[in-house]
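> just to be clear, the model below is a prediction. Sequence and coordinates:
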Amino acid sequence: MTKEQERARARRRQEKLDARAAQRQRDAARNRQAVAVVAAVLVVVLAFVILATKLGRDTSPAASPSTTATPSTTPSASVAGCTRAPERPTTIKTQGLPDKATAAGKTFTAVVTTNCGDITLQLDGAKAPQTVASFVALARSSYFNDAPCHRLTTQGIYVLQCGDPLGGTGTGPGYSYGIENAPKNGQYPAGSLAMARTSDPKSNADQFFIVYKDTDLSSVPEGYSIFGTVTGGMDIVEKIAAAGVSGGATDGAPAAPISILKVAVTEKKA
């Protein structure tokens, strides 16, 4: 083989090596591009998921008095007539579902003593026997003692929500039951006393809410059990509502902390 042939062979060998190197560079560039496209798609998907989750958190609780916990924010306001709220309990007293016959056809008066004064309720066992039986049993077992009213809403719906000793993070008293006496038109006048629940109609348990301003809940399927009315102390709820939600939000912990100290229940005799 001549030197010229050797040089030509070497050139061909080098050209093949160069072509392979160029192909590897092109393959690497395509791989980098594919990775970038996949990453961009993942970023878009993640952003959509985050947005959807945020909307779910923001709109679901605002749409109804759910028993889902609301974010805990340090209270920042005080209201005249209120003393320091007690430390909330660390455990829940579980028990069995009370027999609704214990309240059927009966009317009860409940005096809810709070750190801001007494709120008096009239409980209607004729219209909501299971709900009233549950509330009376929980009150008499001291279940509500030192329980904070953990949620206030000031836009769209107007309620102060109470009843969970753990401040909206508890799992309930160990039982649940269905809806009773929900208004067909979805209207909840100021002074109404009703049960909070999740989207499950059979999730009524311990949490209840006081409506301090006429509220339309007609968009919520099946509604909420009205089991009584506020007959005294509504000014206390209105003062708490006027102080707003902690942090300036429209749904969350009251800026002025209010807690149930105890609940005394008596049956009204005919």
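Received it, and whenever you're ready, just let me know what you need. Computed from a predicted model, the values in this text were never measured in an experiment.

> list the buried ones in stretch 106-121?
For stretch 106-121, the neighbour count (16 or more other CB atoms under 10 Å) marks 106-117, 119, 121 as buried. To be clear about C-beta, it is placed using only N, CA and C from the backbone, and glycine gets the same treatment.

> likewise for stretch 195-202?
Across stretch 195-202, burial judged by 16+ other CB under 10 Å covers Met195, Ala196, Arg197, Thr198, Pro201.

> with stretch 218-225 instead?
Val220, Gly223, Tyr224, Ser225.

> distance to Lys127 and secondary structure added to those, as TSV?
Below are the buried residues of stretch 218-225 laid out as TSV (distance: CB to CB, whole Å; DSSP: H, G, I helix; E, B strand; the rest coil):
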residue	distance to Lys127	secondary structure
Val220	19	coil
Gly223	13	coil
Tyr224	13	coil
Ser225	9	coil
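
> show me which of the residues you listed is closest to Ala190.
Tyr224 (15.0 Å; CB to CB).

> that closest one and Ala128 touch, don't they?
No: Tyr224 lies out of contact with Ala128 (CB atoms under 8 Å); the separation is 10.7 Å.

> by mean pLDDT, point me to the weakest helix or strand of the chain.
helix 3-63 (a mean of 50; mean pLDDT, DSSP states H and E).

> end to end, how far does stretch 93-101 reach?
22 Å (CA to CA, to the nearest Å).

> how far off centre is it?
Here stretch 93-101 is found 24 Å from its chain centre; the criterion is CA atoms, centre = their mean, to the nearest Å.

> what of stretch 147-156?
That offset, for stretch 147-156, works out to 10 Å (CA atoms, centre = their mean).

> may I see the buried residues of that stretch?
Ala147, Pro148, Cys149, His150, Arg151, Leu152, Thr153, Thr154.

> so of the residues you listed, which ones are in strands?
Ala147, Pro148, Arg151, Leu152, Thr153 (DSSP state E).

> so the third one touches Gln161, yeah?
This means Arg151. Yes: the criterion here is CB under 8 Å, and Arg151 meets it with Gln161 at 3.9 Å.

> so what touches stretch 215-225?
Stretch 215-225 has contacts (CB atoms under 8 Å, 6 or more residues apart in numbering) with 63-65, 128, 131, 157-159, 179-188, 194-197, 201, 204, 209.

> in this protein, spot the strand with the most residues.
strand 259-268.

> tell me who's in contact with Val136.
Taking CB under 8 Å, 6+ apart as the test, what Val136 contacts is Pro98, Thr102, Ala103, Phe108, Ala110, Leu123, Val265.

> list just the nearest of these to Ala256.
Taking CB to CB as the measure, Ala256 lies nearest Ala110 of the contacts of Val136, at 22.4 Å.

> quick check: closest non-adjacent residue to the closest one.
Counting by CB to CB, 6 or more residues apart in numbering, Ala110 lies nearest to Leu121, which is 4.3 Å off, once chain neighbours are set aside.

> dihedrals phi and psi, the one you found?
Dihedral pair for Leu121: phi -120, psi 150, per degrees, to the nearest 10.

> what's the separation between it and Gly248?
30 Å (CB to CB, to the nearest Å).

> again, but for Asp216
24 Å.

> please, where are all the helices along the stretch 151-270 of the chain?
For the stretch 151-270 of the chain, the helices defined by DSSP state H, counting those that start in this stretch occupy 234-243.

> and the strands in it?
Here the stretch 151-270 of the chain has its strands, by DSSP state E, counting those that start in this stretch, at 151-153, 159-162, 187-188, 192-195, 208-211, 215-216, 226-232, 251-252, 259-268.

> between those strands, which one is nearest to Thr83?
strand 259-268 (9.4 Å).
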